[in-house]
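Undergrad: Pasted the sequence and its predicted model underneath.
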Amino acid sequence: MLRQFVKYHGSGNDFIIFSGKPNRIKSSDIQDLCKRSFGVGADGVMFIEKPELKSIDFIVHFYNPDGKLGSLCGNGSRCAVSFASSLSFFHGKSCTFEAFDGRHSGQLLDNDLVSINFLNSTKPVKQASGFFVNTGSPHYIEIVDNLNQINLAGIGPSMSKDVFPSIACNINFVQRDGDSFKMITFERGVEKETLSCGTGAVAVALVLNQISNIKSPITVTAKGGNLKVDFSFENEVYNNIVLTGPVKRVFQGECNI
């Protein structure tokens, strides 16, 4: 079946987006689309569904490049907000949508910035040499002195499966340089380094607040751009979490899936 798609990226995290339900989609279709040398190339595929429910504006179905249904994607959800607006799934600057982990709100801002809110999160937990926290997707965060000394391609796959044995998780390394914080990410499902990670930036911000009392907002610099994280901490719970960053529509096309 011939279907139209639009390619977006959020601070270097790129996605292929379709309008409608993922009816009869096969894992092999997702894998083929995401292959950079043979397909469109992307860090994931999304189907944005216009629901019958009046209480939400759209539903995000997110798939990792391995072909499996993924958990919350922060940058992908920000791209989805821009895409849904372009199709008039909502009017104005604000929207409500359903993702893997529940209901979220989105906001269109000036200068191609888009923000989304996150569900509440518990405090990061000490794990191995770093911290574990679930921000809609599971993350292991480790603070290091020099990111250039980290062989992410070499250690990422094993760490993703071994650091927290009950689940595969995303791996983030963070370097503090004065008042700035640089991040690199190995993403499960993508199974390699990505240029940016929205849920990872949120996880990094919560860890920095927990161990170093860095105050909100915290800007995290990924290879693909900056992501700003706002939050509050009350009664041992992180709330009012908002991720903000750039979104860009790259191109559109059509393919058989």
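TA: Ah, there it is.

Undergrad: Would you state the helices of the stretch 51-200 of the chain in chain order?
TA: 74-86, 152-162, 198-212 (DSSP state H, counting those that start in this stretch).

Undergrad: mean pLDDT lowest for which of those helices?
TA: Within those, confidence is poorest for helix 152-162, with a mean of 94 (mean pLDDT).

Undergrad: For that helix, C-alpha coordinates in CSV please.
TA: C-alpha atoms of helix 152-162 as CSV (Å, rounded to 0.1, in the frame of the first residue of the first chain):
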residue,chain,number,x,y,z
LEU,A,152,30.0,4.0,23.3
ALA,A,153,29.8,1.7,20.3
GLY,A,154,31.9,-0.8,22.1
ILE,A,155,30.3,-0.8,25.6
GLY,A,156,26.8,0.4,24.8
PRO,A,157,25.2,-2.9,23.7
SER,A,158,26.4,-4.9,26.7
MET,A,159,25.7,-2.2,29.2
SER,A,160,22.2,-1.8,27.9
LYS,A,161,21.5,-5.4,28.8
ASP,A,162,23.7,-6.0,31.8
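
Undergrad: Excluding chain neighbours, give the residue nearest to residue 242 in space.
TA: Of all residues not flanking residue 242 in the chain, residue 230 sits nearest, at 4.4 Å (CB to CB, 6 or more residues apart in numbering). For the C-beta atoms, the positions are set from N, CA and C on the backbone; glycine is no exception.

Undergrad: The helix or strand the one you found falls within pairs with which strands, and in what direction?
TA: Following DSSP states H and E, one finds residue 230 within strand 225-234. Here strand 225-234 is paired, per DSSP bridges, with strand 218-222 (antiparallel), strand 237-246 (antiparallel).

Undergrad: Could you check how far that strand is from the centre of its chain?
TA: Its chain's C-alpha centre and that of strand 225-234 lie 14 Å apart, by CA atoms, centre = their mean, to the nearest Å.
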